[in-house]
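*Asks:* Model the following, please.
(one chain, ligands or ions: 1)
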Amino acid sequence: MGYVDYAAEGHVGIITINRPKALNALNEDVLRDIETAFDAVDCSEIRAVIVTGAGEKSFVAGADIAAMSTMTKEQGEHFGKFGNDIFRKIETFPVPVIAAVNGFALGGGNELAMCCDIRICSENAVFGQPEAGLGITPGFGGTQRLARLIGPGKAKEMVYGARNIKADEAYRVGLVNAVYPQEELMAAAMKLAQTIAKNAPIAVRNCKKAINEGLEVEMDRAIEIEEKLFGDCFETQDQKDGMTAFLEKRKVEAFHNR
Ligand code: DAK
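*Replies:* All right, here's what the predicted structure looks like:
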């Protein structure tokens, strides 16, 4: 992987997009490397993944404008599908994914952050969908996920106006959960990931599925999805260990992911 680094620390995987000369912009090679990195995550060991960008300036400054500038309609559609399939894979990745947004998250960068489960950012982060100013629409799910996350009115203001927002506004509108000084961002992401990793992994995975799949259907069906995933937990050793520990008035030592 030339453009993406992968490291595991305990039960946490860290994927770093590493193309700082172009502010980590996404061309096909970078996208392919992101996919390869996710494919390499061993979910029997890893319980949460952090995605971040190399350098102190940019998470991802968007899809690669130079690469897109000469695309035909067919190539544009192919590029959109290629990226969308990978982003959807991240959105439905079995374990939670945290975006640690350490600077610009524009266009495809904001779209990458939005397909993660949780976003936190540094004080210098900037979010936006500048595509309309470049003569295109957002193409990696930006029109869909932004409206779902912050509501259609605010999303339309950002998308139609190609208006970027800074970290404080991103926090206010609910695009990010928290803002940290740049030097504290990765430690905060790691703390959050470890908090998740401490809980029963199968239950956490089922929670992710229940929330994501439930949001896509009407409430009666959503509740059925939750019931099924809740029931499945009773076939796990982690449920027995967690509840036995509670009844014996002690903390569970560790969940074993089985
Ligand atoms: N693509 C390619 N190179 C980029 C880039 C990008 N998105 N962003 C920055 N770079 C490169 C710059 O060209 C520059 O390269 P050199 O000139 O040094 O070779 C280097 O990174 C440093 O950038 P700057 O010199 O511009 O740095 P500044 O600090 O002055 O400015 C900036 C930082 C982030 C404000 C500025 O670089 C900027 O405005 N970048 C573009 C941001 C942007 O518009 N991003 C959205 C891209 S559009 C679709 C599929 C996907 C998409 C759409 C449709 N379909 C198939 C339908 C997605 C679209 C997008 O993401």
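
*Asks:* now the residue of the stretch 101-250 of the chain at minimum distance from the ligand, what's its secondary structure?
*Replies:* Of all residues in the stretch 101-250 of the chain, G139 sits closest to the ligand, at 1.8 Å by CB to the nearest ligand atom. Quick note: C-beta positions are derived from backbone N, CA and C, even for glycine. What DSSP: H, G, I helix; E, B strand; the rest coil gives for G139 is coil.

*Asks:* how near is the residue lying closest to it once chain neighbours are set aside to E35?
*Replies:* Distances taken as CB to CB, 6 or more residues apart in numbering place G80 nearest to G139, at 4.2 Å, with adjacent residues excluded. Distance of G80 to E35, computed by CB to CB, to the nearest Å: 15 Å.

*Asks:* cool, A7 as well?
*Replies:* 17 Å.

*Asks:* now Q75
*Replies:* 19 Å.

*Asks:* How about Q129?
*Replies:* 22 Å.

*Asks:* With neighbour numbers in mind, choose between the two.
*Replies:* A count of neighbours by other CB atoms under 10 Å puts Q129 above the other of Q129 and E35, at 28 against 19.

*Asks:* ok, that one - contacts?
*Replies:* Listed by CB atoms under 8 Å, 6 or more residues apart in numbering, the contact partners of Q129 are 106-107, 110-111, 138, 142-143, 146, 158-159, 162.

*Asks:* Try it again at 10 Å.
*Replies:* By CB atoms under 10 Å, 6 or more residues apart in numbering, the residues touching Q129 are 62, 106-111, 114, 137-138, 140, 142-143, 146, 155, 158-164.

*Asks:* List only those of the residues you listed flagged as buried.
*Replies:* 62, 106-111, 114, 138, 140, 142-143, 146, 155, 158-159, 164 (16 or more other CB atoms under 10 Å).

*Asks:* Let's see which of the residues you listed end up in strands.
*Replies:* L106 (DSSP state E).

*Asks:* so of the buried ones among the contacts of Q129, which ones are in helices?
*Replies:* 108-111, 114, 142-143, 146, 155, 158-159 (DSSP state H).

*Asks:* The residues you listed into TSV, with extra columns for pLDDT and distance to E56?
*Replies:* Shown next, in TSV, are those (pLDDT from 0 to 100; distance: CB to CB, whole Å):
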residue	pLDDT	distance to E56
G108	98	20
G109	98	15
N110	98	18
E111	98	22
M114	98	22
G142	97	25
T143	97	30
L146	98	25
A155	98	28
M158	98	24
V159	98	27
